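Novice: Structure for this input, please:
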Amino acid sequence: MHKTIHTPQKTRLIRNGFTLLELLVVMVIIGLLAAYVGPRYFAQIGKSEQGAARAQIEALAKALDTYRLDTGHYPGNDVGLSALTVKPGNETKWQGPYLQKEVPLDTWGRAYLYTLQDASGDFSLKSLGKDGQPGGDGDNADISYR
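Specialist: Now for the predicted structure:
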């Protein structure tokens, strides 16, 4: 919509709104910003998922150590991490639960892998990362304890 204003010196045209060219320039600028910021933002999300998985593994390892202090050994492979929340039937010295909630899934929605090493009496705990496959790099890298 245009208004014409008459002044003694000249006639001016006043516009309301934006032209198509102005809107296209703004859209291009927004697109360039998104292309620059987007990859950096999503890279940070991957780092936070791995950090959360590491923190959960550390918390589970501390709960397993407390279980071992009470019972004299780590849970067997047959009961696994569920022994942290539910008393195994044959365990007389169990003082749990050792977690306030159920055993969490990793940040990608899969169960942590717990293995009791028979010869050493020690355990390993891991998440297979974003891809759910052994090995990998970056976001797909395994996160392990011991």
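Novice: For this protein, which segments are assigned as strands?
Specialist: 2-6, 11-15, 113-116, 123-127, 143-145 (DSSP state E).
Novice: Mind telling me which of the ones you listed the model trusts least?
Specialist: When these are ranked by mean pLDDT, strand 2-6 comes last with a mean of 58.
Novice: Find the residue closest to the one residue sitting closest to the centre of the chain in space, skipping its chain neighbours.
Specialist: Note on the chain: the residue nearest the mean C-alpha position is residue 49, at 2.2 Å, using Cα atoms, centre = their mean. If the residues on either side of it in the chain are set aside, residue 49 comes closest to residue 107, at 4.4 Å by Cβ to Cβ, 6 or more residues apart in numbering. Every C-beta, even on glycine, is put in place using the N, C-alpha and C of the backbone.
Novice: Double-check the one you found against residue 52; I have them as touching.
Specialist: Yes - contact criterion Cβ atoms under 8 Å: residue 107 and residue 52 qualify, at 4.7 Å.
Novice: out of these two, which sits in the busier spot?
Specialist: Neighbours around residue 107 and residue 52, counted as other Cβ atoms under 10 Å, are more numerous at residue 107. The numbers are 19 against 14.
Novice: Spit out the contact partners of that one.
Specialist: By Cβ atoms under 8 Å, 6 or more residues apart in numbering, the contact list for residue 107 reads 49, 50, 52, 53, 56, 127.
Novice: between these, which is nearest residue 71?
Specialist: Distance ranking of the contacts of residue 107 against residue 71, using Cβ to Cβ, places residue 56 first at 22.2 Å.
Novice: Count residues in the vicinity of the closest one, would you?
Specialist: Number of residues near residue 56 (other Cβ under 10 Å) recorded here: 19.
Novice: now do residue 122
Specialist: Taking other Cβ under 10 Å as the criterion, the count of residues near residue 122 is 12.
Novice: Got the confidence number for it?
Specialist: For residue 122, the pLDDT comes out at 87.
Novice: Let me know whether it touches residue 73 as I believe.
Specialist: No - when contacts are counted by Cβ under 8 Å, residue 122 is not listed as touching residue 73 (10.4 Å).
Novice: who's in contact with stretch 56-75?
Specialist: Defining contact as Cβ under 8 Å, 6+ apart, one finds that stretch 56-75 is touched by 81-84, 88, 91, 93-96, 98-99, 103-104, 106-107, 112, 114, 116, 121-123, 125-127, 143-146.
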